[in-house]
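Trainee: Give me coordinates for this.
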Amino acid sequence: MARIKLPYGKEKLTVNVDDSRLQGVLVSHIEEYDPHKTGEELVEEAMAHPIGSAPLFELAKGKNKVTVIASDHTRPVPSKILMPVLLREIRKGNPAAEITILIATGCHRYTTKEELVAKFGEEIVEKERIVVHDCDDETQLVFLGILPSGGECYVNKIATEADLLVAEGFIEPHFFAGFSGGRKSVLPGVVSRETVMANHCSEFIADPHSRAGILKDNPIHRDMVWAAKTAGLKFILNVVLNGEKKVIHAVAGDLVEAHEAGCRFLDGQCGVSPKPADIVFSTNGGYPLDQNIYQAVKGMTAAEATVNPGGVIIMLAKSDDGHGGEGFVRELTSSDDVDEIMDRFLSRDRRHTVPDQWQAQILVRILQKARVIYVSDAEDELVRSLHMTPAHSIPEALRMAEKMLGKQDATVTVIPDGIAVVVR
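Mentor: The predicted structure is shown next:
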């Protein structure tokens, strides 16, 4: 009997599976990776050996207006390590440079001063010029052209008018952009809401290349690279984090070459082969990423990649914060028929994409392949309205799955952290 711990909120639950039924446990090896260096040392090493680029201080020579794009409060980027190094190297090249830190909120809410202090420390917040991007402020946006997808690209003018554009970030698997980091600092980071909507259109979400771990032929990634290049992003500093949010790898340099090098490293740690099964357990890695149903869709995509068609996904996500998105719920509750909902998504062109449509579309895609039993603290009525079956314990969910499948010897695969792996 295999006993496997699964994160749930701030605790762990145990799933017991007979060895004869267990097809595999899919885990990332990133937690086992030991770089034998501190995060600060890894960042300094990356900056000293940039990939596909001259060192940042060389790029900064003669550049008077410099913009550094930084992530917002929703991302665990260790800016207290990264930002001082970037500022130091820029001023090494040009001590008189006028530097602006531009917070890449995408379509998120405004980042507060308290959040900025928590992110950068008081000294940087007090001494540096920091501007928070607003995707709806047309006075701050400039038109750069038409994306490869056909969507209009509007970017914050603080980025486009800089003599030198730099970005910090982190790389993790992303369930439709392939990986985070690199070019994402510009799109969706500092573009207009309309540009984000065009990039996240139903056509692209439906593309089989728009999946975790895939950059090649990914139309969402292609748009993002075009936007970053056209905006003039010249240098990135990206890190890879482990489960404790500690830096275990860093890359710096060209926005494409350095990013791809970081993605290759991460893929080597978290890429796993599918283990097809009738029942697949997955989680969102526990707190803080399993606080709502919206975010939990990410962990479900890992199970989607290995569950048998017509099978059952058992998703564990505490969801004590509820659904996580009004638009997400509105789209999913518009019909009792998931096929009808999907048809409506696919009939919308990129100009009519609505907020949270992509997350709803991915959940519907999953539901078209498998049934989902959702183990959470969310209200049963809410879970049912989103076309899933509610449960409140692993034994209860397993009994439900076996009943749905009509067999007690159904095969099982377990993914302890669905957002930490790339299932190929």
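
Trainee: And the nearest residue to Val383 once chain neighbours are set aside, how close does it get to Tyr294?
Mentor: Closest residue to Val383 apart from its sequence neighbours, by Cβ to Cβ, 6 or more residues apart in numbering: Pro390 at 3.9 Å. To be clear about C-beta, it is placed using only N, CA and C from the backbone, and glycine gets the same treatment. Using Cβ to Cβ, to the nearest Å, one obtains 16 Å as the distance from Pro390 to Tyr294.

Trainee: next one: Ile419
Mentor: Using Cβ to Cβ, Ile419 is found at 13 Å from Tyr294.

Trainee: Gly39 too?
Mentor: 30 Å.

Trainee: next one: Thr353
Mentor: The gap separating Thr353 from Tyr294 is 16 Å, by Cβ to Cβ.

Trainee: likewise Thr413?
Mentor: 24 Å.

Trainee: neighbour-wise, which of those two wins?
Mentor: The residue with more neighbours, out of Thr413 and Tyr294, is Thr413; 26 against 22, by other Cβ atoms under 10 Å.

Trainee: Does the more buried one touch Val27 like I think?
Mentor: No: with contact defined as Cβ atoms under 8 Å, Thr413 does not reach Val27; the gap is 11.5 Å.

Trainee: Can you dump the C-alpha atoms of stretch 34-48 in PDB for me?
Mentor: The C-alpha trace of stretch 34-48 is given here as PDB (Å, rounded to 0.1, in the frame of the first residue of the first chain):
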ATOM      1  CA  ASP A  34      21.300  21.700  -4.600                       C
ATOM      2  CA  PRO A  35      23.300  24.400  -6.400                       C
ATOM      3  CA  HIS A  36      25.800  24.600  -3.500                       C
ATOM      4  CA  LYS A  37      25.700  28.400  -3.700                       C
ATOM      5  CA  THR A  38      23.500  31.100  -2.200                       C
ATOM      6  CA  GLY A  39      20.900  32.900  -4.200                       C
ATOM      7  CA  GLU A  40      23.000  36.000  -4.100                       C
ATOM      8  CA  GLU A  41      26.000  34.100  -5.500                       C
ATOM      9  CA  LEU A  42      24.000  32.600  -8.300                       C
ATOM     10  CA  VAL A  43      22.600  36.000  -9.300                       C
ATOM     11  CA  GLU A  44      26.100  37.600  -9.300                       C
ATOM     12  CA  GLU A  45      27.400  34.700 -11.300                       C
ATOM     13  CA  ALA A  46      24.600  35.100 -13.900                       C
ATOM     14  CA  MET A  47      25.200  38.800 -14.200                       C
ATOM     15  CA  ALA A  48      29.000  38.200 -14.600                       C
END
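
Trainee: quick one: secondary structure of Thr100?
Mentor: State at Thr100, reduced to three classes by DSSP: H, G, I helix; E, B strand; the rest coil: strand.

Trainee: how near is it to Ile90?
Mentor: 11 Å.

Trainee: residue contacts, the residue nearest to Gly310 when sequence neighbours are not counted?
Mentor: Closest residue to Gly310 apart from its sequence neighbours, by Cβ to Cβ, 6+ apart: Ala370 at 6.8 Å. Taking Cβ atoms under 8 Å, 6 or more residues apart in numbering, we find Ala370 in contact with Val280, Ala303, Glu304, Val307, Asn308, Pro309, Gly310, Gly311, Val312, Ile313.
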